[in-house]
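Visitor: How does the following fold in three dimensions:
(one chain, ligands or ions: 1)
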Amino acid sequence: MGLSKGRLFVISASSGTGKTTLARELLKDDKNLVPSISYTTRPPRASEQNGADYYFVTKQEFSAIRRRNGFLEWANVFGHSYGTPRKEVEEHLKRRRNVLLLIDVQGAKTVKRVRPNAVFVFLSPPSKTELKKRLEKRGTESKKEIQKRLRVATRELRELNAMTNGRYLCDYRIVNRDIHKAREILRAIIRAESSG
Ligand code: 5GP
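Guide: Numbers count the residues shown, from 1 in each chain. All right, here's what the predicted structure looks like:
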């Protein structure tokens, strides 16, 4: 066998599903798992830090990276651009680290095309009502913005059944009823998929 590389885990979830909390906990416990820090043109929220949550860049900076093919994937989400840096992901994988990508469904579709062997997990809310409640509780978006996110979430659920390269987009689907259980399931998936 040649040198094995790390594995790429793509977690997609609608906004307000609890993915950020989940990822934070997973990363804390698993030293071989590293996050990919995305670039975004969205302004930072109060609690967010540049270089930790995202790299916050201008539209011009984002376009420049895109033009030099610096993104493994990128997408426009809720009026802002988001992209996964190609080089950083590749370097982590070469160092045999498992890499965690928290991206939207459009981005997951692109990754599926360019890296079909990645593991695709979709985290979904138990219901639309529950998702609405969580978004309202977070309080970071306006009413209009919440409506938009709910619409996108419904579309994303439909798109999940899409096939790319003759394979279904999603390898695993976790319904996040209980954050602790969801974390255990995700941990088990990562363990099972990183061996070999
Ligand atoms: P938020 O603005 O709430 O942090 O993220 C909005 C959406 O953009 C979420 O669904 C999040 O997963 C997604 N997102 C974050 N980074 C990336 C990225 O690099 N690429 C893509 N395609 N989506 C991303």
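Visitor: Enumerate the residues of this protein near the ligand.
Guide: By the rule C-beta under 6 Å from any ligand atom, the part of the chain lying against the ligand is 15, 38, 42, 73, 75, 77, 82-84, 102-104, 106-107. Quick note: C-beta positions are derived from backbone N, CA and C, even for glycine.
Visitor: between these, which is closest to the ligand?
Guide: Minimum distance to the ligand across those is 2.3 Å, recorded for residue 107 (C-beta to the nearest ligand atom).
Visitor: Quick one: residues contacting the closest one.
Guide: If you count contacts by C-beta atoms under 8 Å, 6 or more residues apart in numbering, residue 107 has them with 10, 12, 73-75, 82, 84, 101.
Visitor: Mind checking which of those residues are in strands?
Guide: Per DSSP state E, strands hold the following members of these: 10, 12, 73-75, 82, 84, 101.
Visitor: Filter the contacts of residue 107 down to the buried ones, ChimeraX style.
Guide: To isolate the buried members of these in ChimeraX, using 16 or more other C-beta atoms under 10 Å:
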select :10,12,73,74,75,82,84,101
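Visitor: Which one of the contacts of residue 107 is nearest to residue 49?
Guide: For the contacts of residue 107, the minimum distance to residue 49 (C-beta to C-beta) is 16.6 Å, reached by residue 82.
Visitor: before we move on, the earlier item: and the ones in strands among the contacts of residue 107, which is the shakiest by pLDDT?
Guide: Least confident of these in the model: residue 12, at 91.
Visitor: thought that residue was touching residue 123?
Guide: Yes - contact between residue 12 and residue 123 holds when scored by C-beta atoms under 8 Å: they sit 7.3 Å apart.
Visitor: Secondary structure element holding residue 25?
Guide: helix 19-29 (DSSP states H and E).
Visitor: contacts for that helix?
Guide: By C-beta under 8 Å, 6+ apart, the residues outside helix 19-29 that reach it are 11, 13, 33-35, 100, 102, 123, 176, 179, 182-183, 186-187, 190.
Visitor: The helix or strand following it pairs with which strands?
Guide: Downstream of helix 19-29, the first helix or strand assigned by DSSP H and E is strand 33-35. Here strand 33-35 is paired, per DSSP bridges, with strand 98-103 (parallel).
Visitor: Now do the strand it pairs with and helix 19-29, the angle between them.
Guide: Taking axes from the mean of the first three to the mean of the last three C-alpha atoms, to 10 degrees, one finds strand 98-103 and helix 19-29 inclined to each other by 170 degrees.
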